[in-house]
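**Q** okay, sequence plus prediction incoming.
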There are 2 protein chains.
Amino acid sequence: MPVVVEKKAVIKANTEKNVKHKSQTRRKSATKREKQKIKIIPLGGLNEIGKNMTVIEYKNEIVIIDCGLKFPEEDMFGIDIVIPDISYLIKNRDKIKGIFLTHGHEDHIGALPYFLKQINVPVYGTKLTLGIVETKLKEHNLLSVVELKKIQPKDTIKLDTMSVEFIKTTHSIADACAIAVHTPLGIILHTGDFKVDYTPIDGDIMDLPRFAELGRKGVIMMLADSTNVERTGYTLSERSVGQNLYNLFGKAKGRILVATFASNIHRIQQIVEAAEKYGRRVAVSGRSMENIVQVGIELGYLKVEKNTIISIDDINKYPNDKVVVITTGSQGEPMSALARMASGEHKKVTIVPGDTIIISANPIPGNEKLVSKIINLLFKKGADVVYGPSEGIHVSGHACQEELKLMQILVKPKFFMPVHGEYRHLKQHAELAQTVGMPKDNIVIGDNGDVIEVTRDSIKKSGTVISGQVFVDGLGVGDVGNIVLRDRKHLSQDGILTVVATIEKESGTIIAGPDIISRGFVYVRESEALMEDAKDIVKDVFQECEAKNISDWATLKSEIREKLRAFLYEKTKRKPMILPIIMEI
Amino acid sequence: MPVVVEKKAVIKANTEKNVKHKSQTRRKSATKREKQKIKIIPLGGLNEIGKNMTVIEYKNEIVIIDCGLKFPEEDMFGIDIVIPDISYLIKNRDKIKGIFLTHGHEDHIGALPYFLKQINVPVYGTKLTLGIVETKLKEHNLLSVVELKKIQPKDTIKLDTMSVEFIKTTHSIADACAIAVHTPLGIILHTGDFKVDYTPIDGDIMDLPRFAELGRKGVIMMLADSTNVERTGYTLSERSVGQNLYNLFGKAKGRILVATFASNIHRIQQIVEAAEKYGRRVAVSGRSMENIVQVGIELGYLKVEKNTIISIDDINKYPNDKVVVITTGSQGEPMSALARMASGEHKKVTIVPGDTIIISANPIPGNEKLVSKIINLLFKKGADVVYGPSEGIHVSGHACQEELKLMQILVKPKFFMPVHGEYRHLKQHAELAQTVGMPKDNIVIGDNGDVIEVTRDSIKKSGTVISGQVFVDGLGVGDVGNIVLRDRKHLSQDGILTVVATIEKESGTIIAGPDIISRGFVYVRESEALMEDAKDIVKDVFQECEAKNISDWATLKSEIREKLRAFLYEKTKRKPMILPIIMEI
């Protein structure tokens, strides 16, 4: 199975001048290949939605596919984002040849700034992907120190032993790619996030023939997107949304506001086109939406007629039926532009009866209530609100069952590992693959940190490396762990009671206090008697300890906690955190 | 429009012997009716899902329909349940003739114990509804002091000026009723929660003819369930679930575990019947499921063959393919039986490969992630998990658009107020009613606390009464309010820093401390330097105050808070709660 790299462009890592063309292929001796192995180490994206990151290691080379973040779960109180634990890569930093990005969504690029502050390696991606990465690196003051290497689909980056090929796919963001890592043992294919859209908005169809070609050459292992594996049939084309938006625009008598994902440039393109057909100007609200529209126009991904785009400051200069506002907030995010409009706190846009608000997105699981809250507020302001799956104003960016089968059949990989999904998705993707001929034993359901060893004819989990989630909270990266989170959860449930007393060290006599101060427990005014009783209990504990000659503060504190906890639970059936503080003089 | 009460049974309030029959109707003079008005005051269930409660007041009589609870929103940290504010009813307690229950769901009966502790009035409901209420009152030691008055559909309870009629409906709990309040001005009809099920499991079809008859007599106002107004078409019959369950049972090779809502006795009946057809025994797990099965069998709502039910302790005495377990936990509730099975913490049931777990319920919005977590865990244990809308193993208990139209057309009310829903539902229900002929001006979209005044030919909001949500947290009812919740939220985000110092009163000199103790903020070990710097800042504040001769502790504390807050935000971009405590000696 000779591995031949023969793509449009073969770029040698880190040196632009090493761009080679189709004829300049390289061949390697087949000696000893049988004993060699490739390690595939997912550091994120398995048994979870988000923080996608996959390590492919062969000999002394490491290729990293994606570097994403995850948004915190509900019980991760106060956490801003979650990123992968990259201890393994820090230990093996010298092997790393670069990070290769499939597309520009946060769950694929969002951990980059944190990664690059620790390990500065080149980052490869398509024009739009890097455009989005640039904005992000700028915010972290990293733009000048990081090497961004722009590639095009069909490009191949030649490393010492491997080479990395980008293959055009379609997804809910433009410029998405799958990645084929060519190794002496065969090809490792990572689909990235994809759907099979035969009529994409930019006309640039997924390179299905290349998938078939790689399949013919010999894909030793495929890693494929599992997000939509529970859905039967096919995902509709992005283009299907356009006609429905156009119809809604035709019915709207006043202003139109469309909320959607900022990253979906093709959706934005369709909104712009519908606006232009009806002679409406388009204003943009929300920081990420403003960023993407600017990047999209600059890089040529968003095609807008002259004069279409107006400033949000100028919307009142046009008649209502000549205005469209594209906004963030389709997930109900409380600080988003749409949320501020709904609550009347947006500085530039005041919702009035006659406005039509189109929510061109489905709520991501967990966001339903936030979105619902905004819909209620918008209705209350007299707007028409259009939302929900029956309106045909949103399609997914991920492949459904039939598309996933197509990918299996085109690529015919020897081994298969479903990625990007919770266990239920991975499990069902494994079962789906079996329905189109993949032997059960050739499928690995992995977990983050697993080391999957692949040879020409075998696959096994050979061990694990450190992996996990690192919490980012404000400026702190990793300084909030499970103990801090456990305390935050405890505090959130029943609040805290602080018990303070000043003691004379020698005698053990209280000379000030005990005082009890509570926060998040009860209304103090309504519970004065309770607090007085609590204080008496603390005094009793001090007296008992004095009587027993206990001068060990740890024992005393523990006694205060126990006694108070029992008392408060009996009286209130609540368990606030109890924090005894004893000062000695 | 003469109001004639002619139902199966007319029961005079509070006296069983006053049961009268069809012939014993009463007629009232029509004098002065034109000037009279009825007040309708929703105290819960509008602009929210849950805590349904409606007051109907005419002259010196108040009828209360339902007394429900609401489960807390995500940002109601530590709150167990939310109940209606009944201040208005406490003030008007002498007028109250009773609470009339439409059905036994928590959002219609859950606030009863809290209500009855404050206002002890008779409670009317059907047999199953009161059966469930009894269990609840027992837990609150109220059973002996509360008068429960069992009625049957078609019964009418005669009050002084009004009479209250129960009308059979169908819903996802057995024994559900609509309630018609007959007044001298006409009939007020409250649908309760309902769906139109032509083939209910108990064969007891909704009394549609009576709705039509009331419509003919003259319904002055209808209040109708809005829950499913966003769904087109009809809700499927509960019976449709049975065949799909039966088919799944036929395929299962090992044990079958079915999770569903405890209150859905008809679902449980169908599970039992499928089990019996396959010769499987049925065990029950989860406290509420055990309660309902017991009540259901005792009262004759659940028909079970002899020997079908076995103890959960005995499931291992039967072959796996002869066992079905019905369990709570279909919403992913973390302490539920199914959750404990999934995490391996259930004492009686250990999930093994070959088990089939059927989740016969859809996640209520907000519960998706909890349910998903359990599905993942069950899959990991090797079980087959059957879930999701495509399986046909769950149907809603609420009427979709076509059923809501049917109700409008049968009842032909003069005025209409949509109830049971968020604003989006109420708004869309109002629009739906207009499509079948209800004039826009005859519709009121109300809010909790609104006083809706209805006369024979007019409807208006005439004012408001106190209404709102009362938080129940442990034993505390109403002692947790917005300040406590705000503190809990603050604590949950960034934790707390307690700053303590003991001061000599005279000199203002620190004689012990300052000490800083944090919880939920940072790992102390990793942030020692930060804490030392924070301590220095506090010392500086003391010195400055001493220098400026400030001995006002409020000012000093406020200064400490400000300085520390700025410092910590700069260093960490976090804003923990800061609690300065100064002790004087």
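**A** Yes, it's here.

**Q** what count of nearby residues applies to the residue nearest to A:Ala180 when sequence neighbours are not counted?
**A** For A:Ala180, ignoring the flanking residues on the chain, the nearest one in space by C-beta to C-beta, 6 or more residues apart in numbering or on different chains is A:Glu165 at 4.3 Å. C-beta coordinates here come from the backbone N, C-alpha and C atoms, glycine included. A count of neighbours around A:Glu165, defined by other C-beta atoms under 10 Å in any protein chain shown, yields 28.

**Q** from what I see, A:Glu165 and A:Ile179 are in contact.
**A** Yes - proximity of A:Glu165 to A:Ile179 meets the contact threshold set by C-beta atoms under 8 Å, at 7.0 Å.

**Q** one step back: so what's the residue nearest to A:Ala180 up against?
**A** A:5, A:7, A:154-157, A:179-182 (C-beta atoms under 8 Å, 6 or more residues apart in numbering or on different chains).

**Q** farthest pair within those?
**A** Greatest spatial distance in the contacts of A:Glu165: A:Lys154 and A:Val181, 15.2 Å, computed using C-beta to C-beta.

**Q** okay, these two: which has more neighbours?
**A** The residue with more neighbours, out of A:Lys154 and A:Val181, is A:Val181; 26 against 15, by other C-beta under 10 Å.

**Q** helix, strand, or coil at that one?
**A** Using DSSP: H, G, I helix; E, B strand; the rest coil, the secondary structure recorded for A:Val181 is strand.

**Q** specify the beta-bridge partners of the nearest residue in space to it that is not next to it in sequence.
**A** Nearest residue to A:Val181, sequence neighbours excluded (C-beta to C-beta, 6+ apart): A:Ile188, at 4.3 Å. Bridge pairing for A:Ile188 (DSSP bridges) gives the partners A:Val181, A:Met221.

**Q** ok, A:Ile188 touching A:Leu223?
**A** Yes - counting by C-beta under 8 Å, A:Leu223 is a contact partner of A:Ile188 at 7.5 Å.

**Q** now stretch A:342-354: how far from the chain's centre is it?
**A** On the basis of C-alpha atoms, centre = their mean, to the nearest Å, stretch A:342-354 is displaced by 29 Å from the centre of the chain it belongs to.

**Q** sorry, slip of the keys, the one I care about is stretch A:272-280.
**A** That offset, for stretch A:272-280, works out to 32 Å (C-alpha atoms, centre = their mean).

**Q** other residues contacting it?
**A** Counting by C-beta under 8 Å, 6+ apart, A:242, A:245-246, A:249-250, A:256, A:281-282, A:302-305, A:308, A:321-324, A:326 sit against stretch A:272-280.

**Q** let's see 6 Å
**A** If you take C-beta atoms under 6 Å, 6 or more residues apart in numbering or on different chains as the criterion, stretch A:272-280 is touched by A:245-246, A:249, A:282, A:304-305, A:308, A:322-324.

**Q** among these, which lie within helices?
**A** With helices taken from DSSP state H, the overlap with the contacts of stretch A:272-280 comprises A:245-246, A:249.

**Q** who wins for most neighbours among the residues you listed?
**A** Neighbour max across the ones in helices among the contacts of stretch A:272-280 (other C-beta under 10 Å) = A:Leu245, 24 neighbours.

**Q** burial count for the nearest residue to A:Lys440 once chain neighbours are set aside?
**A** Leaving out its chain neighbours, the residue that sits closest to A:Lys440 by C-beta to C-beta, 6+ apart is A:Gln434, at 5.8 Å. A total of 15 residues lie near A:Gln434 under the criterion other C-beta under 10 Å.

**Q** wasn't A:Gln434 part of a helix?
**A** Yes - A:Gln434: assigned to a helix according to three-state DSSP.

**Q** okay, it: pLDDT?
**A** With respect to pLDDT, A:Gln434 has a value of 98.

**Q** one more: A:Arg27?
**A** 44.

**Q** just A:Ala512 next, same as before
**A** At A:Ala512, pLDDT is 83.

**Q** number of residues surrounding A:Leu254?
**A** No, residue A:254 isn't Leu; it's Gly. For A:Gly254, using other C-beta under 10 Å, the count is 16.

**Q** how would you label it: helix, strand or coil?
**A** Quick answer, by three-state DSSP: A:Gly254 is coil.

**Q** mind checking how far it is from chain B?
**A** Distance of A:Gly254 to chain B, computed by C-beta to the nearest C-beta, to the nearest Å: 17 Å.

**Q** over to A:Glu391?
**A** 11 Å.

**Q** now do the contacts for the residue nearest to A:Val181.
**A** A:Ile188 neighbours (C-beta under 6 Å, 6+ apart): A:56, A:181, A:221.

**Q** close to chain B as well: tell me which of the ones in helices among the contacts of stretch A:272-280 qualify.
**A** Among those, no residue is within reach of chain B (C-beta under 6 Å from any C-beta of the partner chain).

**Q** rebuild those as CSV, extending it with pLDDT and distance to A:Ser507.
**A** Listed next are the ones in helices among the contacts of stretch A:272-280 as CSV, based on pLDDT from 0 to 100; distance: C-beta to C-beta, whole Å:
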residue, pLDDT, distance to A:Ser507
A:Leu245, 96, 80
A:Tyr246, 96, 85
A:Phe249, 97, 82
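
**Q** nearest to B:Lys348, of those residues?
**A** Checking the ones in helices among the contacts of stretch A:272-280 one by one against B:Lys348 (C-beta to C-beta), the nearest turns out to be A:Leu245, at 54.2 Å.

**Q** how about that closest one: what's its closest non-neighbour residue?
**A** That would be A:Ala274: by C-beta to C-beta, 6+ apart, it lies 4.9 Å from A:Leu245.

**Q** using the three-state scheme, assign the one you found.
**A** Going by three-state DSSP: A:Ala274 is helix.
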